[in-house]
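Chemist: Provide a 3D model corresponding to the input given below.
(chains A and B)
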There are 2 protein chains.
Amino acid sequence: MSNNKEEYTLFYWPKIPGRGEFVRLCFELASVPFDQVNEVPQLVKLISNKSGLHIAAPHFAVPVLGIRSGDRMHYISQTPVILTFLAPRLGLLGDAEKLQGLERDVAVAQIHQLCATALDLNNETHDTHHPVSVSSYYEDQIQESKRRAADFKQNRLPKFLGLFQVALSKDGAGADKKSAAKRRLWGSKTTVADLTVFQVVDGLLFAFPKCMNKLRQRGEYKCVFDLHQDIKGELKSYLDSDRRKTYFQWCFQALSRTR
Amino acid sequence: MSNNKEEYTLFYWPKIPGRGEFVRLCFELASVPFDQVNEVPQLVKLISNKSGLHIAAPHFAVPVLGIRSGDRMHYISQTPVILTFLAPRLGLLGDAEKLQGLERDVAVAQIHQLCATALDLNNETHDTHHPVSVSSYYEDQIQESKRRAADFKQNRLPKFLGLFQVALSKDGAGADKKSAAKRRLWGSKTTVADLTVFQVVDGLLFAFPKCMNKLRQRGEYKCVFDLHQDIKGELKSYLDSDRRKTYFQWCFQALSRTR
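Modeler: Got it, this is the predicted structure:
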């Protein structure tokens, strides 16, 4: 379903991986070129929804994906929606690609169910810094952040990582048992779900280094950490390039000492 | 794309509308019958992911949708994923139904972008009660809840309602200008996005009655409140029936006096 007539532009904030990274990883793994627009005034204009652009559905936030086909430009937003749109175009449905009808629809849903769960974990990670108000700074809610981060590590993180461990510990619906050595979240081939979980785990290793490294050393959630390493290998040329943006230090600096 | 060979079961908590309601509304508007399972032990078994059921992708939470086709039962979860799966089956894509190829894919993405934004608003509404810990009770975080609710009303709610107002104030990409009198979030026919925004606004009218009624009386976000009334009309026979569950009073009781 790859379509050579479509050209893609990712609109996202400059300098940070952020939620734009989930989209970038799809293009990078598929080796499909894409443009990036990260000039702040242009982004603000786009999400103000008063831009004079023909926007069929207004955008709450970036990332926004632009899709050019002929002389028309379409815009879509919401990270999970962008991933759902791109996955069949970029060959990121793994073993589900070969299915038809209901079997395919269910498989695609299950892959995006795993993506959605990973993005929920990403949101909860982010929210540890803004428990009271997403509109104000971390520094203004530092006490609440500490309580929320403690709860996150104790209750939420194990629940999420445990789910991905279960998904990786057994054969997915589409898994070829002979190739089970290369095990992915859904079946035996890398899908958008694996990329999404990779990125969330990678961010957690940065944001909660003490906690995550302790879990890794203990051998907990081994399949999840193994997946992280495997996908890191698949994305090596990108991750080693200057196209990969570094995590934004100040966001996590204050808390990471205790994490 | 309606498929008479498929039979649906919604697995969700008893007694509350909750996130299950977004799924129920789809079936109700489409007049497609569905089973419901709400026995807690069965639900807990399902989301424990150790159930012995052949679950291709583990579930973080209910709602879970079961899809029976022949002698096979498939399971999917994550509300936005369930809505994406069901919308084409239940005729809930409105004017996008008649489109093909990229045009259709973009339209479907934009409809689900609006759903995702409404579900984000729903999450933020819920989180006003659990700013510090989703694992503990409202009573243990009441001070933080008050701060978060104030921020929500001042900063977040206007941003979300403003976005839906914009979507409803102009012709959607698929809108037939002649029928613009019946304006919907995407085009001129009711889609899953309209159902989702209806339910979120309905929940807000319950959870923040003072704030919401003040906005309504002032004429702010008029298109959004009009949409709420229109969809209420379309769903009248369901909403008047005992199938519609009532909002769970204790969740919102303590705060609603000041809202």
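Chemist: Which stretches in chain A count as strands?
Modeler: Ranges of strands in chain A, per DSSP state E, are A:6-11, A:35-37, A:64-69, A:72-77.
Chemist: Packing partners of the third one?
Modeler: What that stands for is strand A:64-69. Other elements packing on strand A:64-69 under the criterion 3 or more CB pairs under 8 Å, 6 or more residues apart in numbering or on different chains; DSSP states H and E are strand A:6-11, strand A:72-77, helix A:79-89, helix B:101-127. In short, each C-beta sits where N, CA and C put it, glycine included.
Chemist: Where does pLDDT dip in chain A?
Modeler: Where chain A drops to pLDDT under 70, the residues are A:1-4, A:51-54, A:131-141, A:170-182, A:249-259.
Chemist: Do I have it right that A:Pro63 meets A:Ser77?
Modeler: Yes: shown here, A:Pro63 and A:Ser77 form a contact pair, counting by CB atoms under 8 Å, at 6.7 Å.
Chemist: Of these two, give the one with the bigger neighbour count.
Modeler: A:Ser77 (25 against 22; other CB atoms under 10 Å in any protein chain shown).
Chemist: and the gap between the closest residue to A:Ile16 other than its chain neighbours and A:His126?
Modeler: Closest residue in space to A:Ile16, ignoring its immediate chain neighbours: A:Phe248 at 4.8 Å, by CB to CB, 6 or more residues apart in numbering or on different chains. Separation of A:Phe248 from A:His126 (CB to CB, to the nearest Å): 12 Å.
Chemist: count of neighbours near the residue nearest to A:Ile16?
Modeler: With neighbours defined by other CB under 10 Å, the count for A:Phe248 comes to 14.
Chemist: picking up where we left off before, could you dump the helices and strands packed on strand A:64-69 to JSON lines with distance to B:Leu83?
Modeler: What follows is the helices and strands packed on strand A:64-69, written out as JSON lines (distance: least, CB to CB, whole Å):
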{"stretch": "strand A:6-11", "distance to B:Leu83": "25"}
{"stretch": "strand A:72-77", "distance to B:Leu83": "16"}
{"stretch": "helix A:79-89", "distance to B:Leu83": "11"}
{"stretch": "helix B:101-127", "distance to B:Leu83": "6"}
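Chemist: Identify whichever of those lies nearest to A:Lys210.
Modeler: Nearest to A:Lys210 among these is helix B:101-127; the distance by CB to CB comes to 26.4 Å.
Chemist: How far does the closest one sit from its chain's centre?
Modeler: Distance of helix B:101-127 from the chain centroid (CA atoms, centre = their mean, to the nearest Å) equals 10 Å.
Chemist: show me what contacts the nearest residue to A:Leu205 once chain neighbours are set aside?
Modeler: Once flanking residues are discounted, A:Leu205 sits nearest to A:Met212: 4.9 Å by CB to CB, 6+ apart. Residues near A:Met212 by CB atoms under 8 Å, 6 or more residues apart in numbering or on different chains: A:201, A:204-205.
Chemist: From chain B, how far out is the residue nearest to A:Ile16?
Modeler: To chain B, A:Phe248 is 22 Å away according to CB to the nearest CB, to the nearest Å.
Chemist: Same check on A:Arg68?
Modeler: Distance, A:Arg68 to chain B, using CB to the nearest CB: 10 Å.
Chemist: Tell me what that residue is bridged to.
Modeler: Note on A:Arg68: beta-bridge partners A:Glu7, A:Met73, judged by DSSP bridges.
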